[in-house]
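**Q** quick one: sequence and predicted model below, then my questions.
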Amino acid sequence: MVPHETTGINMSDIPHLWVVVPAFNESESLPLVIPEVSKAAAEIDPAACVLVVDDGSTDGTAKIVTDLAETHTNVALNRLGANKGKAAALKAGFGAAIEAGATVIAMMDADGQDDPSELPRLVSHALGPGAGLVTGARTIRNDRFIKRNTSKLYNWTTSKLSGVPGRDFNSGFKVMRAEVAQDVAPLLYGELHRYLTVMAHWLGYRVDEETVQHHPRIAGVSKYGMARFWRGFLDLLTIRFLMSYEHRPSHLFSGFGFGAMFTGGLMLCYLALIKVAYGVEISDRPLLPLGVLLVLAGLQLILFGLLAEMVVYSRNRLSSESFAPGRRLGD
């Protein structure tokens, strides 16, 4: 990796920095990666912490990190009991950082493809006026041909469907203010970590990108297969729904419900008309059961939307009562 240098940062203004590194079976690369990350973080903030979150590794990753912590005092280990996925590892890391008082949080992959020398520039950008989250965009990637091109398709589709400008949504190299991490952490489950940028944008934060260097993997192989791409598109639909309709679910379900009822009603009115006006037999027409099905399905969707609204209303009411003036949690 290229030697790093701190540029564009006033050391007296640096808040508390935590670097969260999720790792799953990365014992080969960590001895090379963590010392570089530790050095770069310490140059930015002498009190910085590099937290490696061991996501249930079975290859001795935890022991490697423990040994590294003996010689690098700013390195710490958070060990998950089982392999829960990158989203869970990041959520655990963000939670630990926020609890410890971090005000700026970086995330980096453990495979050595992210360059720690880029960290000062990303931190400086994230601390700039109005910034919330900065992604290290890998515009020139050192990956296989298939992975490079599927990522291009994935990034283009994500940008179009989400309405968020970006060239590298899935980059594991990001720096954000603590308030951004605190707001997106509750949404991190499954594989939704790929959409941190989208979630932050939809929550009202400014998201930017900085072009960064991307190195070949130091050792080992990628732990993610081709299936992650189609799962990623399904996750995007999930995020789109949660961010758009979390507080107004009936707008979605009732919209489809009224559409289905209207279409089914038109079919039934047409059948009733030809039955009454022309005496045509309609009992054997496929349009009859289809119209009835659409009306019933539409009614069910509307009722489902109203039930969902009741759940949202109850949740918001409980939340407001819990934080009412003069009232303590648990009273």
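**A** Thanks, I have it.

**Q** any idea how far Phe256 lies from Arg138?
**A** Distance, Phe256 to Arg138, by CB to CB, to the nearest Å: 39 Å. Glycine gets a C-beta too; all of them are placed from N, C-alpha and C.

**Q** higher neighbour count, the two?
**A** Arg138 (23 against 15; other CB atoms under 10 Å).

**Q** am I right that the more buried one is in contact with Glu210?
**A** No - judged on CB atoms under 8 Å, Arg138 makes no contact with Glu210 at a distance of 10.8 Å.

**Q** hey, where'd the strands end up in this protein?
**A** 17-23, 49-55, 75-80, 104-107, 131-137, 174-177, 206-211 (DSSP state E).

**Q** give me the residues contacting the third one.
**A** Residues from elsewhere that reach strand 75-80, judged by CB atoms under 8 Å, 6 or more residues apart in numbering: 34, 38, 49-56, 62, 65-66, 68-69, 88-89, 92-93, 96.

**Q** where does the stretch 201-331 of the chain dip in pLDDT?
**A** For the stretch 201-331 of the chain, the stretches flagged by pLDDT under 70 are 217-233, 243, 246, 316, 318-331.

**Q** quick one: the helices in it?
**A** Assigned by DSSP state H, counting those that start in this stretch, the stretch 201-331 of the chain shows helices spanning 227-245, 249-278, 287-322.

**Q** do the same with the stretch 51-200 of the chain
**A** Secondary structure of the stretch 51-200 of the chain (DSSP H, counting those that start in this stretch): helices at 61-71, 86-99, 119-126, 145-162, 178-184, 196-202.

**Q** of the ones you listed, which approaches Leu306 most closely?
**A** Leu306 sits nearest to helix 196-202 of all these, at 25.0 Å, using CB to CB.

**Q** show me what contacts the nearest residue to Asp114 once chain neighbours are set aside?
**A** In space, and not counting its chain neighbours, Asp114 is closest to Phe173: 4.3 Å by CB to CB, 6 or more residues apart in numbering. Counting by CB under 8 Å, 6+ apart, Phe173 touches 106-109, 114, 118, 122, 135-136, 138, 212.

**Q** quick check, nearest of the residues you listed to Leu236?
**A** Of all the contacts of Phe173, Thr135 has the smallest distance to Leu236: 16.2 Å, by CB to CB.

**Q** can I assume that closest one is in contact with Asp208?
**A** Yes - contact criterion CB under 8 Å: Thr135 and Asp208 qualify, at 7.4 Å.

**Q** of those two, who's got more company?
**A** Neighbour count, other CB under 10 Å: between Thr135 and Asp208, Thr135 has more, with 26 against 18.

**Q** what bridges to that one?
**A** Lys174, Glu209 (DSSP bridges).

**Q** that one: what's it in contact with?
**A** With CB under 8 Å, 6+ apart, Thr135 has these contacts: 166, 168-169, 171, 173-174, 197, 207-210.

**Q** including distance to His16, could those go into CSV?
**A** Below are the contacts of Thr135 laid out as CSV (distance: CB to CB, whole Å):
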residue, distance to His16
Gly166, 28
Asp168, 27
Phe169, 27
Ser171, 23
Phe173, 20
Lys174, 17
Thr197, 23
Val207, 22
Asp208, 22
Glu209, 24
Glu210, 21
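
**Q** buried subset of these?
**A** 166, 168-169, 171, 173-174, 197, 207-210 (16 or more other CB atoms under 10 Å).

**Q** what residues are up against Met199?
**A** Neighbouring residues of Met199 by CB under 8 Å, 6+ apart: 184, 187, 192, 239, 243.

**Q** what do you get for Glu209?
**A** Taking CB under 8 Å, 6+ apart as the test, what Glu209 contacts is 134-137, 166-168.

**Q** give me the pLDDT for the nearest residue to Val212 once chain neighbours are set aside.
**A** The shortest distance from Val212 to any non-neighbouring residue, by CB to CB, 6+ apart, is to Gly136 (3.7 Å). Here the pLDDT value assigned to Gly136 is 89.

**Q** my read: Gly136 touches Thr197, true?
**A** No - assessed by CB under 8 Å, Gly136 is found out of contact with Thr197, at 11.2 Å.

**Q** any chance of a markdown table for the helices of the stretch 201-331 of the chain, columns distance to Gly81?
**A** As requested, the helices of the stretch 201-331 of the chain are exported to a markdown table (distance: least, CB to CB, whole Å):
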| stretch | distance to Gly81 |
| --- | --- |
| helix 227-245 | 23 |
| helix 249-278 | 34 |
| helix 287-322 | 29 |
